[in-house]
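Undergrad: okay, predicted coordinates and the sequence, questions at the end:
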Amino acid sequence: MNNHDYIPIAALNQYAYCSHRYWRMFCAGEFLDNQYTIEGTSLHDRVHTLGEGHREDTWQVRAVWLKSEQYKLIGKADLIEEVDGNWYPIEYKRGHKREWDNDELQVCAQALCLEEMIGQKITQGYVYYAQSHQRQLVNISAELRVTAIATIQAIQNIQQSGKIPPAIYTQRCRGCSLYQQCLPQAVDKVKRYQEIK
């Protein structure tokens, strides 16, 4: 990628989850399905049926392309809602709320794009978790914005430098569809062995 390319909004989610996974998916073009990715794809296939309509006092539009010139972001929002002049993005996820903030970063990135497109500040969004059938509020706070912008800059640095983030084993690796490609535990063992020699 070069400086003129846009960063997919979903890349922020992947980078925050694991920078090495981000690199494999978005720079090296590697992707493998597992149970979780197939379930997520199926959910998004249902959600991404383009359409709009009203649900009581809420105007909803699905599968909306978002873009930010300022942050060089592009991607598709699962759902955008408007109530009483207030707009907010809603991201659909297959599982349930976890302790990591990667889903919130994705919603914040959508909000940054939406703000630029409509000229209005977005103060909240939601993540809908299909497993629990509940929306989780995402406050688009100053702190979350700073984190999102720092993540965008980190991704841009990787794109410009070509440097591969290291594969580091964490509990997140257990459900990763690319685990067999990076083998972070094996890499760590080889490093320790080389240090002993």
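TA: The structure has been received and is ready for your questions. Numbering: from 1, shown residues only.
Undergrad: CA only for contacts and neighbour counts going forward, please
TA: Noted.
Undergrad: which residue ranges of the protein form strands?
TA: 7-8, 51-55, 58-68, 73-83, 86-93, 124-129, 134-139 (DSSP state E).
Undergrad: any idea how far residue 59 is from residue 140?
TA: 21 Å (Cα to Cα, to the nearest Å).
Undergrad: between those two, point out the one with more neighbours.
TA: Comparing residue 59 with residue 140 by neighbour count (other Cα atoms under 10 Å), the higher total belongs to residue 140, at 22 against 16.
Undergrad: so residue 122 touches residue 85, yeah?
TA: No: using Cα atoms under 8 Å, residue 122 makes no contact with residue 85, being 10.7 Å away.
Undergrad: the more surrounded of those two?
TA: residue 122 (22 against 9).
Undergrad: contact partners for that one?
TA: Counting by Cα atoms under 8 Å, 6 or more residues apart in numbering, residue 122 makes contact with 86, 87, 88, 111, 112, 114, 115, 140.
Undergrad: cool, and residue 6?
TA: Applying Cα under 8 Å, 6+ apart, the residues near residue 6 are 72, 73, 74.
Undergrad: list the contacts of the most centrally placed residue in the chain.
TA: Note on the chain: the residue nearest the mean C-alpha position is residue 13, at 2.6 Å, using Cα atoms, centre = their mean. Neighbouring residues of residue 13 by Cα under 8 Å, 6+ apart: 102, 103, 105, 106.
Undergrad: how about those in TSV, adding neighbour count?
TA: Formatted as TSV, the contacts of residue 13 follow (neighbours: other Cα atoms under 10 Å):
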residue	neighbour count
102	20
103	22
105	27
106	25
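Undergrad: about what we covered before: between the contacts of residue 6, which sits nearest residue 160?
TA: Ranking the contacts of residue 6 by separation from residue 160, with Cα to Cα as the measure, puts residue 72 on top at 13.8 Å.
Undergrad: now the residue lying closest to the closest one once chain neighbours are set aside: how far from residue 70?
TA: Distances taken as Cα to Cα, 6 or more residues apart in numbering place residue 6 nearest to residue 72, at 4.7 Å, with adjacent residues excluded. Here the criterion is Cα to Cα. By it, residue 6 lies 10 Å from residue 70.
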